[in-house]
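Chemist: Dropping a prediction and its sequence here:
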Amino acid sequence: MTRRRSGAAPRRSRGLAQLLLALVLLLPALAVWAQAPGGQNRGIIPAQQPPPPVPAAQTQAEPPQAPILRVEAGMHTAPVRRMAVDSAGRLLATVSDDKTLRLWSLPDGSPRGVLRPPIGAEQEGELYAVALSPDGNRAFAAGYTARSWDGAFAIYVFDTNSGRLLALLPGLPAPVLDLAVSPEGDRLAAGFAGRGGVRVWDARTGRMAWEDMAMGGAVRALAFEPRQGRLAVSAADGRVRVYDNAGRKLAERAPQQGARPYGLTFSPDGTLLAVGYEDRLRIDILAASDLRPVFAPDVTGLAGEGLPAVAWGSDGMGGLQLSAAGYARSGVARPGEAAARHFVIRRWADFGLGPSTDIPAARDAIAELLPVPGGGLVYGAADPGWGRVAPDGSLARAPAPAAAEPRVVGRTLEVSPDGTRVRFATGSQTLVFDAGIGRLAPATTDVGGLFLAARPPAGRLNVQDWRDTNRPRLGQQALRLDPGEFSRSLTLMPGGESFLLGTDTHLRLFDAAGRQIDAVPLPGTAWGVAAAENGVVVAALGDGTIRWYGPEGGQRLAERAALFAHADGRRWVAWTPEGLFDHAPEGGQELVGVHLNRGRAQTPEWASFRQAYRALFAPAELRARLTGDAGPARARLAALGDMRDAIGRLPWSPRARPAPCSPRAAAATCRSAPR
């Protein structure tokens, strides 16, 4: 789960400190400093410049240069992890596991651009944290970033006006889980996974100001106090800490013994600190000076696992409201509200002391609440998407996911005996995708035929405690998962001698003795799995895709193809691991583009479907690949030669706005960014 720092930064941040920050980021000679593991200075690494020379044995690799086909639906396709708002309340930044940073105008919510970091296989490029400079001109983003080629993690710095990658801060010890910029814009704080602790950099010099690695768990949240700039930190060791500007610890406390504090927010005057929990339906209001408890708002009537997101926000009329959300659900729905929005934001009047209202806001967990200057708040959800609550508490915008709810698709997923057709529900209709003829249609118009759902193992293959746990077992034997990995779906394989477990991160194939036969990493949680009679497996994933897996080259679970079906039930795109694709007759081609990495400190390029079409549109090769024949796809790739040359290089243009095209320009030469 996620959330963000405290109230919005004040307008006075446009002073000398902000000017110095802008100079630091704009001048290549001062762009970013970093500390390598062990305390060695790695030097300045501005973007668009070659990294400083290092001994040959330590030379970093570069991001993969092969084109990477990506879904581009105009919005996030994976849960929104974090959000940030500028001090004027006009710019919103959101990041997601889908490896994009998206910019939006407030209050209308219109898209302003897509910023893309260098990406790679599996987790590389997933963004877990974002922060904006007070004036909104700079965005800081990080997560599982740069590890694959640097051997360490990094923070990326973007210019939000041009979309350029300005600089990176490399040599970090662990994935970054949260970022925060001080109200004056002169400090950048980062919280790390594992026991990486917290680090703060002085933007005036670009050097690390201080760090605290003496934490017993991952940092969960950071919040700068809006007046004096104190920094509050919550961590997985159950403790909340407050530091002054120099890094001196002012207070430390475990607010609730055995609980896991998560979200943090200072009151606008800096006297109170609200704390939410990922494992408790509870909010504690603490004195910011020494973290002593002051009061706890009433949570009566809520159900769920926790309230990890918390924020104070104005009602636009001089009043201050406290809001909290996360896994909370309420049985009370407002007239006219969509029944699917079961997850609520609880909003208390009068600093949290007054009466409360529940706002049905999302169909999945709410990760983040952020106050908006002028009143109201924005929130990020795992739907995926983001929404806005108006100052009066009305829902001004709800998340609008590009795909059907993955859990619904997963629960209803079925596959034909030969593995070429899948049937699934979206919540509003049931659809059938036929890969053999390239058609997505309502099940009522399908010619029919047998479909196979997931088959739970039984008898001697009696898998227990597998649903939404990290301790599944076969009889009394534990099935080994990675730390923090939860199993979500299960099916018996043909022949009855093995079974497949879908988890947050993998498909895992086990034999009748509980030994793992094969495993394949996933780009999203496997909410549903089903197996065809020929051993082909289909999985409904949390990134909105359905993917096919089958035997290939000694693997039992090699990926063959993927399908992204838009929530409108009409548009779709399917592709092979190599990037060859097919699409719906109308509009489906606009759902994809090609990501082209450059250097480790350079802005990636984005090729729209118009540029990639001639090279990668290959319906026959995709159908052969899905059925297990990789020969046609290999032949097509061999004929293309250098894929980057085949696609054609863009003039530098990472923004998600269509570039101007002359009406007389040929389609092959008219450049267009994704819409």
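Modeler: Thanks, I have the structure now.

Chemist: Need the single longest strand in the protein, by residues.
Modeler: Longest strand in the chain, counting residues (DSSP state E): strand 555-565.

Chemist: All the helices of the stretch 401-550 of the chain, in order from the start?
Modeler: Listed in chain order, the helices found in the stretch 401-550 of the chain under DSSP state H, counting those that start in this stretch are 406-412.

Chemist: one step back: please tell me how far the longest strand of the chain is from the chain's geometric centre.
Modeler: 21 Å (Cα atoms, centre = their mean, to the nearest Å).

Chemist: List the buried residues of that strand.
Modeler: 556, 557, 558, 559, 560, 561, 562, 563, 564, 565 (16 or more other Cβ atoms under 10 Å). In this view, the C-beta of every residue, glycine as well, is placed from N, C-alpha and C.

Chemist: Counting by contacts, list what the very next helix or strand once past that strand packs against.
Modeler: Using DSSP states H and E, the helix or strand that directly follows strand 555-565 along the chain is strand 572-575. Where contact means 3 or more Cβ pairs under 8 Å, 6 or more residues apart in numbering; DSSP states H and E, strand 572-575 is packed against strand 555-565, strand 581-583.

Chemist: wait, isn't residue 452 in contact with residue 418?
Modeler: No - judged on Cβ atoms under 8 Å, residue 452 makes no contact with residue 418 at a distance of 10.4 Å.

Chemist: Can you pick out the residue with more neighbours from these two?
Modeler: residue 452 (19 against 14; other Cβ atoms under 10 Å).

Chemist: residues in contact with the closest residue to residue 580 other than its chain neighbours?
Modeler: The shortest distance from residue 580 to any non-neighbouring residue, by Cβ to Cβ, 6 or more residues apart in numbering, is to residue 618 (4.0 Å). Taking Cβ atoms under 8 Å, 6 or more residues apart in numbering as the contact definition, residue 618 lies against 576, 580, 581, 582, 633, 636.

Chemist: For residue 87, state which of those is nearest.
Modeler: The shortest approach to residue 87 among the contacts of residue 618 belongs to residue 581, at 42.1 Å (Cβ to Cβ).

Chemist: quick one: the helices in the stretch 1-150 of the chain?
Modeler: Using DSSP H, counting those that start in this stretch, helices in the stretch 1-150 of the chain cover 16-26, 147-150.

Chemist: need the least confident one among these, by mean pLDDT.
Modeler: The minimum mean pLDDT among the helices of the stretch 1-150 of the chain belongs to helix 16-26 (a mean of 34).

Chemist: Neighbours of residue 529, how many?
Modeler: 24.

Chemist: beta partners for it?
Modeler: residue 539 (DSSP bridges).

Chemist: picking that back up, of the helices and strands packed on strand 572-575, which is nearest residue 313?
Modeler: Closest among the helices and strands packed on strand 572-575, using Cβ to Cβ: strand 555-565, at 35.1 Å.

Chemist: Give the rounded mean pLDDT of the closest one.
Modeler: What strand 555-565 shows for mean pLDDT is 94.

Chemist: how about low-confidence regions in the stretch 51-200 of the chain?
Modeler: Along the stretch 51-200 of the chain, the model assigns pLDDT under 70 to residues 51-60.

Chemist: residue boundaries of the strands in it?
Modeler: 68-71, 80-85, 91-96, 101-105, 111-115, 126-132, 138-144, 153-159, 165-172, 176-181, 187-192, 198-202 (DSSP state E, counting those that start in this stretch).

Chemist: Just send those back as TSV, with mean neighbour count and distance to residue 506 too.
Modeler: Formatted as TSV, these follow (neighbours: other Cβ atoms under 10 Å; distance: least, Cβ to Cβ, whole Å):
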stretch	mean neighbour count	distance to residue 506
strand 68-71	20	21
strand 80-85	27	20
strand 91-96	26	20
strand 101-105	21	26
strand 111-115	20	28
strand 126-132	26	15
strand 138-144	27	16
strand 153-159	25	22
strand 165-172	25	26
strand 176-181	27	21
strand 187-192	25	24
strand 198-202	22	30
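
Chemist: export the ones you listed to TSV and tack on distance to residue 603?
Modeler: Formatted as TSV, the strands of the stretch 51-200 of the chain follow (distance: least, Cβ to Cβ, whole Å):
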stretch	distance to residue 603
strand 68-71	15
strand 80-85	20
strand 91-96	17
strand 101-105	12
strand 111-115	9
strand 126-132	15
strand 138-144	13
strand 153-159	8
strand 165-172	4
strand 176-181	20
strand 187-192	20
strand 198-202	22
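
Chemist: Would you mind telling me which of the ones you listed is nearest residue 262?
Modeler: If we rank the strands of the stretch 51-200 of the chain by Cβ to Cβ, the stretch that ends up nearest is strand 176-181, at 10.3 Å.

Chemist: helices or strands next to that closest one in the packing?
Modeler: Against strand 176-181 (3+ Cβ pairs under 8 Å, 6+ apart) you get strand 80-85, strand 126-132, strand 138-144, strand 153-159, strand 187-192, strand 219-224.

Chemist: Quick one: work out the angle between that strand and strand 80-85.
Modeler: When axes from the mean of the first three to the mean of the last three Cα atoms, to 10 degrees is applied, the directions of strand 176-181 and strand 80-85 differ by 10 degrees.

Chemist: Starting from strand 176-181, tell me which strands it pairs with and how they run.
Modeler: According to DSSP bridges, strand 176-181 forms sheet pairs with strand 187-192 (antiparallel).

Chemist: relative to strand 219-224, how tilted is the strand it pairs with?
Modeler: Using the same axes, to 10 degrees: strand 187-192 against strand 219-224 is 170 degrees.

Chemist: got the contact list for strand 187-192?
Modeler: 129, 131, 140, 142, 155, 172-182, 197-203, 209, 218-222, 224, 229, 231, 233, 245.

Chemist: Could you name every residue contacting both of residue 452 and residue 418?
Modeler: With Cβ under 8 Å, 6+ apart as the test, residue 452 and residue 418 both reach 532, 533.

Chemist: buried set for the helix or strand encompassing residue 645?
Modeler: Using DSSP H and E, residue 645 falls within helix 643-647. Buried residues in helix 643-647, defined by neighbour count with 16+ other Cβ under 10 Å: 643, 644, 646, 647.

Chemist: dump the residue contacts of the second one.
Modeler: This points to residue 644. Neighbouring residues of residue 644 by Cβ under 8 Å, 6+ apart: 65, 66, 67, 596.

Chemist: Wait, the last one touches residue 602, no?
Modeler: This means residue 596. No - using Cβ under 8 Å, residue 596 makes no contact with residue 602, being 10.6 Å away.

Chemist: For the two, work out which one has more neighbours and name it.
Modeler: Using other Cβ under 10 Å as the criterion, residue 596 and residue 602 rank with residue 596 on top: 22 against 19.

Chemist: contacting residues for that one?
Modeler: Residue 596 makes contact with 65, 67, 68, 604, 605, 606, 607, 644, 647, 649, 650, according to Cβ under 8 Å, 6+ apart.
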